[in-house]
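# okay, sequence plus prediction incoming.
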Amino acid sequence: MGKPTGFLEFERLEEGYLPVEQRVKNYKEFVLHLSDEDAKVQGARCMDCGIPFCMSGCPINNIIPDWNDLVFRGNWKTALDTLHSTNNFPEFTGRVCPAPCEAACTLNVNDDPVGIKSIEHAIIDRAWAEGWVSPQPPKAKTGRKVAVVGSGPAGLAAAQQLARAGHDVTVFEKNSRIGGLLRYGIPDFKMEKSHIDRRIAQMEAEGVVFRTGVLVGAMPQDGPGAKVTNDARTVISPEDLKAQFDAVLLAGGSETSRDLPVPGRGLDGVHFAMEFLPQQNKVVAGDRLEGQIRADGKHVIVIGGGDTGSDCVGTSNRHGAASVTQFELMPMPPEHEDKPLTWPYWPYKLRTSSSHEEGCQREFAIATKEFVGEGGRVKALKTVHVEWKGGKMIEVPGTEKIVPADLVLLAMGFVAPVGSVLEAFGVERDGRGNAKAGTELAGGYRTNVDKVFAAGDMRRGQSLVVWAIREGRQAARAVDEYLMGASTLPR
């Protein structure tokens, strides 16, 4: 620990934002990360605890105290190596991870936690600027071939690890660009896609082959799954894939959105968030779309209070919406968590995102009973306030009202990966519709189908980017052990 009294001397310093009136005019990132000197000071706040709860709070078990200390001492290159030893893509997590590590920080018991995420962000951005991130091709090839289906964070992490182990890895992506939900689910103002592009270039130099516009298996013809973004021009059957490769890893995202089947659901102007967000990302990338879902001049209702809903808020504001309102079915959380009750676990508290600060009315404990239309298009919502008693939702009498709405975006989470893909492979599913596979050290991530593995959202359901990276890395080790009998890849 570089400065034993640092946590007593220095206050937490947050990363800054560009002003609202400036950032809503475009889709560029607006977070102002810490200077090298500020990052050094924040690193000095780390107490190097006897039990580093930050590491157990982090799904990939980043060695946080070590790189905090290394940044404090100015040893940035070693800090990068330490960071990369557990995380293939810290530029992704340093931007979009909610930082459960900070919630678990021991300093968070009675003070502000160490700014772990901001230090991670500073390390990796400096590394790219200095040219420290370079390809790591394998010293020898194994002759084994692995197919990775899905190019989100789980698929990319697994592919990179397997390629570095010497396997010939091909990544299949149904859309026209690599990145999965990183590319099409996260708005550019939260993470510009150039960060994905330069990792792809690194991985190609390491031997990974990327095939876009290729659908493996099948897509549903109706229901929420049919709304999933799909640019595929070619279809490969599971049988052909298994015949061509020694192992197959299914690493697609949890893309089947939770629906709201109330009267009026079929009206024009009612869309899933994952219809709305990918379109804007495609436009930012230079694609020309006909009939893009736009919020310009409209009264927008976002149903769902999570990160996806927040992304809809930020995108609608950049479109120039007349108003944006976000509905949440659950009661309003407290502004401050009960630390003695929750620490070191993820706390229950009100979270206000940068998109909310750009303009949004938030309503809690409100349910939608009907979409009201005119001429086949949504014009309003019939809502009612609710209470939760004994775990049951109860409508509050006399609270029904009509709320004007020209565009409704359903952002209530995701229920499962695209089921037809798993069905095509014959993979057994769990009670939530995910691929059934364990995470144990021996035989982990294997499905009931010979040489077919599953990881990330495909296995665990909707989750964080950092969880996807963890699962991709662990699945890569499992595949390597399956192919070679043993593995030196980290778990």
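Received the coordinates, thanks.
# how about the helices in the stretch 251-400 of the chain?
Using DSSP state H, counting those that start in this stretch, the helices found in the stretch 251-400 of the chain span residues 273-284, 307-319, 339-342, 354-357.
# contact partners of the last one?
Which is helix 354-357. 17, 20, 30, 310-311, 313-314, 317, 326, 362 (Cβ atoms under 8 Å, 6 or more residues apart in numbering). Every residue, glycine included, has its C-beta placed from N, CA and C.
# count the residues that sit near His61.
Not His; residue 61 is Asn. 17 (other Cβ atoms under 10 Å).
# low-confidence ranges, the stretch 301-450 of the chain, go.
For the stretch 301-450 of the chain, no stretch has pLDDT under 70.
# so what's the spatially closest residue to Glu335 that is not a sequence neighbour up against?
Spatially, and ignoring its direct neighbours in sequence, Glu335 is nearest to Leu350 (5.1 Å; Cβ to Cβ, 6 or more residues apart in numbering). Shown in contact with Leu350 (Cβ under 8 Å, 6+ apart): 332-335.
# who wins for neighbours among these?
In terms of neighbour count, Pro333 stands highest of the contacts of Leu350 at 15 neighbours, by other Cβ under 10 Å.
# what about the strands in the stretch 151-300 of the chain?
168-173, 209-212, 214-216, 234-236, 247-250, 256-257, 270-272, 299-303 (DSSP state E, counting those that start in this stretch).
# any idea which of those strands is most buried?
Greatest average neighbour count among the strands of the stretch 151-300 of the chain goes to strand 247-250 (a mean of 28), per mean count of other Cβ atoms under 10 Å.
# so which residues make contact with it?
144-150, 155, 158, 238, 241-242, 421-422, 425, 427, 435, 445, 447, 451-455, 458-459, 475-476, 479, 482-483.
# over to stretch 427-444?
Under the contact criterion Cβ under 8 Å, 6+ apart, stretch 427-444 has outside partners 250, 254, 256, 415-417, 419, 422, 445-449, 452-455, 457-461, 471, 474-475, 478, 491.
# which positions within it qualify as buried?
427, 429, 433-437, 439, 444 (16 or more other Cβ atoms under 10 Å).
# what's the answer for stretch 97-115, then?
For stretch 97-115, by 16+ other Cβ under 10 Å, it's 97, 99-108, 113-115.
# which one (most neighbours) among the contacts of helix 354-357?
Going by other Cβ under 10 Å, Val313 tops the contacts of helix 354-357 with 29 neighbours.
# quick check: that residue touching Cys360?
Yes: contact status for Val313 versus Cys360: in contact at 4.8 Å, counting by Cβ atoms under 8 Å.
# what do those two both touch?
Residues touching both Val313 and Cys360 (Cβ under 8 Å, 6+ apart): 324, 326.
# circling back: and the contacts of stretch 427-444, which are buried?
Among the contacts of stretch 427-444, those buried by neighbour count (16+ other Cβ under 10 Å) are 250, 254, 256, 415-417, 419, 422, 445-447, 449, 452-455, 457-461, 471, 474-475, 478.
# sorry, back to before: out of the contacts of helix 354-357, which two sit at the greatest distance?
Across the contacts of helix 354-357, the longest distance by Cβ to Cβ is 21.0 Å; it joins Phe30 and Arg362.
# residues contacting the closest residue to Gly456 other than its chain neighbours?
Nearest non-adjacent residue to Gly456, counting by Cβ to Cβ, 6+ apart: Ala154, 2.6 Å away. Counting by Cβ under 8 Å, 6+ apart, Ala154 touches 251, 455-458, 468-469, 471-472, 475.
# tell me what the longest strand seen in the chain is packed against?
Ranked by residue count, the top strand of the chain under DSSP state E comes out as strand 377-389. For strand 377-389, the packing partners by 3 or more Cβ pairs under 8 Å, 6 or more residues apart in numbering; DSSP states H and E come out as strand 366-374, strand 392-395, strand 401-404, strand 407-410.
# contacts for that strand next, please.
264, 267-270, 301, 327, 329-331, 365-373, 393-396, 399-408.
# just the angle for that strand relative to strand 366-374, thanks.
Interaxial angle, strand 377-389 versus strand 366-374 (axes from the mean of the first three to the mean of the last three Cα atoms, to 10 degrees): 160 degrees.
# starting at the chain centroid, how far to strand 377-389?
29 Å (Cα atoms, centre = their mean, to the nearest Å).
# what comes up buried for it?
Applying a neighbour-count criterion of 16+ other Cβ under 10 Å, one finds 378-386 buried in strand 377-389.
# now stretch 138-148
So stretch 138-148, judged by 16+ other Cβ under 10 Å, has buried residues 142, 144, 146-148.
# just the C-alpha atoms of that stretch, please, in CSV.
Output of stretch 138-148 as CSV, limited to C-alpha atoms (Å, rounded to 0.1, in the frame of the first residue of the first chain):
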residue,chain,number,x,y,z
PRO,A,138,0.0,-18.2,-29.8
LYS,A,139,3.4,-19.6,-29.9
ALA,A,140,2.1,-22.9,-31.3
LYS,A,141,-1.1,-24.1,-32.9
THR,A,142,-3.1,-27.1,-31.7
GLY,A,143,-4.9,-28.0,-34.9
ARG,A,144,-8.2,-27.9,-33.1
LYS,A,145,-11.1,-25.8,-34.5
VAL,A,146,-13.7,-24.0,-32.3
ALA,A,147,-16.8,-22.2,-33.4
VAL,A,148,-18.1,-19.4,-31.2
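# and that stretch, what's its mean pLDDT?
Averaging pLDDT along stretch 138-148 yields 97.
# what does that stretch contact?
With Cβ under 8 Å, 6+ apart, stretch 138-148 has contacts from 155, 158-159, 162-172, 206-207, 216, 241, 244-249, 251, 479, 483-484.
# which one of the contacts of Ala154 is nearest to Ile51?
Comparing those against Ile51 with Cβ to Cβ places Ile469 closest, at 23.8 Å.
# make sure that closest one is indeed in a helix.
Yes: using DSSP: H, G, I helix; E, B strand; the rest coil, the assignment for Ile469 is a helix.
# number of nearby residues for it?
Residues near Ile469, counting by other Cβ under 10 Å: 27.
# gap between the two ends of stretch 317-324?
This stretch, stretch 317-324, spans 7 Å end to end (Cα to Cα, to the nearest Å).
# whoops, I mixed them up, stretch 341-352
22 Å.
# on that earlier part again, and which of the buried residues of stretch 427-444 is nearest Gly297?
Set against Gly297, the nearest of the buried residues of stretch 427-444 by Cβ to Cβ is Gly433 (38.3 Å).
# closest one to Ala122 out of the buried residues of stretch 138-148, please.
After measuring the buried residues of stretch 138-148 against Ala122 - Cβ to Cβ - the closest member comes out as Val148, at 30.5 Å.
# okay, now the sheet partners of the helix or strand hosting the closest one, with direction.
Here Val148, judged by DSSP states H and E, is contained in strand 145-149. Strand pairing for strand 145-149, using DSSP bridges, gives strand 168-173 (parallel), strand 247-250 (parallel).
# which strand residues bridge Val408?
Counting by DSSP bridges, the residues bridging with Val408 are Val270, Ile301.
# tell me the contacts of it?
269-271, 300-303, 371, 378, 381.
# with His319 instead?
294-296.
# redo these as JSON lines? Include neighbour count.
As requested, the contacts of His319 are exported to JSON lines (neighbours: other Cβ atoms under 10 Å):
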{"residue": "Arg294", "neighbour count": "17"}
{"residue": "Ala295", "neighbour count": "25"}
{"residue": "Asp296", "neighbour count": "11"}
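# can I get the strands of the stretch 151-300 of the chain in CSV with distance to Val133?
Below are the strands of the stretch 151-300 of the chain laid out as CSV (distance: least, Cβ to Cβ, whole Å):
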stretch, distance to Val133
strand 168-173, 19
strand 209-212, 18
strand 214-216, 28
strand 234-236, 32
strand 247-250, 24
strand 256-257, 35
strand 270-272, 36
strand 299-303, 36
